[in-house]
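Peer 1: Generate a structure from the sequence data that follows.
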Amino acid sequence: MDRHGDLPVIVQAPAAAPVASAVARAILAGFDRHYALFRYCAQRAKSLFESGDWIGIQRLARERIEYYDARVRECVAKLRAAYGDALSSDAFWAPLKQEFVLLLADHSQPECAETFFNSVCSQVLHRDHFNNAFLFVRPAVATDHLDAGVPSYRCYYPLQQGWRASLTQMMADVGLACPYADLPADIGRVMRAGVRYLRALPGAPLAGFELALDCQLQVLGTLFYRNKGAYLVGRLVNQHTIYPFALPLLRDPGGRLYIDALLFDRDDLTALFSFTRAYFLVDMEVPAAYVRFLRTLIPNKPEAELYTTIGLHKQGKTLFYRDFLHHLRHSHDRFVIAPGIRGMVMLVFTLPSYPYVFKIIRDRIAKDRMDRTTVLAKYQLVKLHDRVGRLADTWEYSQVALPRARVAPALIEELQRLAPSAIEEVGDMLVVKHVYIERRMTPLNLYLQDANDVQLEHGIREYGNAIRELAAANIFPGDMLFKNFGVTRLGRVVFYDYDEIQYMTEMNFRRIPEAPNEEAELASEPWYPVGANDVFPEEFERFLLGDARVRRTFMKEHAALLDADYWQAARARNRRGRLDDIFPYDTTRQFVRTTRDAVRASRK
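Peer 2: Predicted coordinates for the structure are as follows:
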């Protein structure tokens, strides 16, 4: 049977083969089917990019997120149909795991297959919290030097071929079925930008960049697709020093390719692979090889986040949980209530030595028309939506066991008071039944409270930009108080409170009508009807701009956000299906194109 085909429906295990071996093969076949579909999505993204179907790329990215759970359910259903109650025996799973490991010896995605096994096992056993003896808590198959038959990255040698020839060949090898508008001009821009960057590095020779015998350009073999861009990701290796880079490829209105920028800095790459953006579509035979390559470019980014950002979010969850358990064993601080204003929907806590927060839905939600089902739906909306660098991604877990001694008494009291149904004490463990985990950020209200004038201007500018970009991506935040936004390490402002989030196209942005008389204007209730999705942008001023410094910067940068016309226009663009250009890099990185460039390109 082709391992990428359908799962075999096993009526009865052959007498010569143990049942465990047959079930192990069936689970691996289920994973192989999933990964074949995963790769097909990336291959489909290439053709959608070539045709300029941006809506199609976004739809494909959303659909792919749900593929994994669908394949797990499909596999579990077939196993239950074939084996029934035999699957519920603990004695069945230990030899099954051993058989599964044997099948992974020559597999190209063993780490992801182990995670798939964990998902199937967890669904079948329905445990209150999982028996780690049956799961791959640690990897059983090493991936350190795993690579595909065709190497995962290509090499070019500027010392032998020359820079221009090497870069030209590198861009020709991307294999897109679109012509370049003016590749020689783009190569010139890349070379000039690269020289400026290298000369500005500490200790760089003023005369230029000296090539060593080991100088190579190494680029991953397939492009990374997201929204309107395709990204060539690579590294320059010179005298054993690695210089990361990425080249964003865009299409002009005529469908021709051009290189928009040179991203030649670790912070640029960190932003490109941020947890606040949609997952890339990238075709990888051996994902471990791609992650290993990316770790050399952005070594401070955990493997869990790298697997997640390239679309393998379940593998990201597995690695995060392993890292989390490792950190618990090698730390001794306590989980505490997260700093900041308490939320009315979520109870948030953190481990000070670990850069993440844990969010639990309260039993008693202190907001009208808000319940647990609605909150779950909002978080799923964010998971499936394009986050445009302004919405934090989350990992969702069930049955997470924490050492009770590591939980501060004040936090336990808060959990018992506000979310008793979400926790259970089992021996010396506190089991959290459902939790969202996301990167810890500085709450914007606390950032502004302690900010000097320069920092405050930056924070308010970023805050308004975040709201504008979310609106362009068809997201209305709902509750726009500063406490619902966070500031990342790179200074970006990100929204992270999702319980009131809605699509822009669902909202009705209105002006406040003139009061019929003075009594109506002073009344506690509005003199005009207000629908469930009505929004009056004029009111934002009242609860956002009480601080004179904040008001001054906001009115200079973002006064339009107080005008219903701005919001109505943004909603209209979303209804027409227009996708604005929101770049995952600073626009100062973009190459300047002159009128002469445009004329030359049009003649080609």
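
Peer 1: mind listing the strands for the stretch 251-400 of the chain?
Peer 2: Secondary structure of the stretch 251-400 of the chain (DSSP state E, counting those that start in this stretch): strands located at 257-259, 336-337, 346-350, 356-361, 395-403.

Peer 1: any chance of those strands in a markdown table, plus mean neighbour count, distance to residue 54 and mean pLDDT?
Peer 2: The way it works is simple: take the backbone N, C-alpha and C, and place the C-beta from them, glycine included. Formatted as a markdown table, those follow (neighbours: other C-beta atoms under 10 Å; distance: least, C-beta to C-beta, whole Å; pLDDT from 0 to 100):
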| stretch | mean neighbour count | distance to residue 54 | mean pLDDT |
| --- | --- | --- | --- |
| strand 257-259 | 22 | 15 | 97 |
| strand 336-337 | 16 | 42 | 98 |
| strand 346-350 | 21 | 33 | 96 |
| strand 356-361 | 22 | 32 | 96 |
| strand 395-403 | 17 | 28 | 93 |
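
Peer 1: So for stretch 589-598, mean pLDDT?
Peer 2: The average pLDDT for stretch 589-598 rounds to 68.

Peer 1: repeat for stretch 487-505
Peer 2: 94.

Peer 1: Now do the buried residues in it.
Peer 2: 487-488, 492-502, 504 (16 or more other C-beta atoms under 10 Å).

Peer 1: Also stretch 277-295?
Peer 2: In stretch 277-295, counting by 16+ other C-beta under 10 Å, buried: 277-294.

Peer 1: can you map out the strands along the stretch 401-550 of the chain?
Peer 2: 423-426, 429-439, 442-443, 475-476, 485-487, 493-495, 502-503, 508-509, 534-535.

Peer 1: Turn the ones you listed into TSV, including distance to residue 367.
Peer 2: Output for those, formatted as TSV (distance: least, C-beta to C-beta, whole Å):
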stretch	distance to residue 367
strand 423-426	22
strand 429-439	17
strand 442-443	19
strand 475-476	16
strand 485-487	18
strand 493-495	17
strand 502-503	14
strand 508-509	20
strand 534-535	16
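
Peer 1: residues contacting residue 477?
Peer 2: Applying C-beta atoms under 8 Å, 6 or more residues apart in numbering, we find residue 477 in contact with 467, 470, 484, 495, 497, 500, 501.

Peer 1: Contacts for stretch 508-522, please.
Peer 2: By C-beta under 8 Å, 6+ apart, stretch 508-522 touches 527-528, 531, 533-539, 564, 567-568, 571.

Peer 1: What's the end-to-end length of it?
Peer 2: 25 Å (C-alpha to C-alpha, to the nearest Å).

Peer 1: Closest to residue 196 out of the buried residues of stretch 487-505?
Peer 2: Closest approach between the buried residues of stretch 487-505 and residue 196, by C-beta to C-beta: residue 492, at 24.4 Å.

Peer 1: Quick check: closest non-adjacent residue to the most centrally placed residue in the chain.
Peer 2: Closest residue to the average C-alpha location of the chain: residue 275 at 3.9 Å, with C-alpha atoms, centre = their mean. The shortest distance from residue 275 to any non-neighbouring residue, by C-beta to C-beta, 6 or more residues apart in numbering, is to residue 393 (4.6 Å).

Peer 1: what about that neighbour, distance to residue 187?
Peer 2: For residue 393, the distance to residue 187 equals 35 Å [C-beta to C-beta, to the nearest Å].

Peer 1: Likewise for residue 329?
Peer 2: Distance of residue 329 to residue 187, given as C-beta to C-beta: 51 Å.

Peer 1: the more surrounded of the two?
Peer 2: Remark: of residue 329 and residue 187, residue 187 carries more neighbours, 20 against 9, as counted by other C-beta atoms under 10 Å.

Peer 1: Wasn't that one part of a helix?
Peer 2: Yes. Residue 187: assigned to a helix according to DSSP: H, G, I helix; E, B strand; the rest coil.

Peer 1: low-scoring stretches of the stretch 51-200 of the chain, by residue?
Peer 2: Applying pLDDT under 70 to the stretch 51-200 of the chain flags the ranges 127-132.

Peer 1: remind me, longest helix of the chain?
Peer 2: helix 19-51 (DSSP state H).

Peer 1: so residue 31 makes contact with residue 111?
Peer 2: No. In this structure, residue 31 is not within contact of residue 111 by C-beta atoms under 8 Å, at 11.1 Å.

Peer 1: Settle it for me: which of these two has more neighbours?
Peer 2: Legend: neighbour count by other C-beta under 10 Å for residue 31 and residue 111, higher for residue 31 (27 against 24).

Peer 1: need the contact list for the more buried one.
Peer 2: So residue 31 contacts 71, 75, 109, 112, 113, 116, 117 (C-beta under 8 Å, 6+ apart).

Peer 1: same check, this time on residue 448
Peer 2: 456, 459, 460, 482, 547, 550.

Peer 1: Now list the buried members of those.
Peer 2: So, of the contacts of residue 448, 456, 459, 460, 482, 550 end up buried under the neighbour-count rule (16+ other C-beta under 10 Å).

Peer 1: Mind checking which of the residues you listed are in helices?
Peer 2: 456, 459, 460, 550.

Peer 1: Next, format the residues you listed as CSV and append distance to residue 359 and pLDDT.
Peer 2: Below are these laid out as CSV (distance: C-beta to C-beta, whole Å; pLDDT from 0 to 100):
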residue, distance to residue 359, pLDDT
456, 27, 97
459, 23, 97
460, 26, 97
550, 27, 96
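
Peer 1: those helices in the stretch 301-450 of the chain, which residues are they?
Peer 2: 303-309, 313-329, 372-384, 409-418, 444-449 (DSSP state H, counting those that start in this stretch).

Peer 1: And the stretch 101-250 of the chain, by the same measure?
Peer 2: 110-125, 158-161, 163-172, 183-200.

Peer 1: Would you reformat the ones you listed as TSV and include distance to residue 374?
Peer 2: Output for these, formatted as TSV (distance: least, C-beta to C-beta, whole Å):
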stretch	distance to residue 374
helix 110-125	25
helix 158-161	56
helix 163-172	48
helix 183-200	48
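
Peer 1: Low-confidence stretches in the stretch 201-350 of the chain?
Peer 2: In the stretch 201-350 of the chain (pLDDT under 70), the answer is 203-209.
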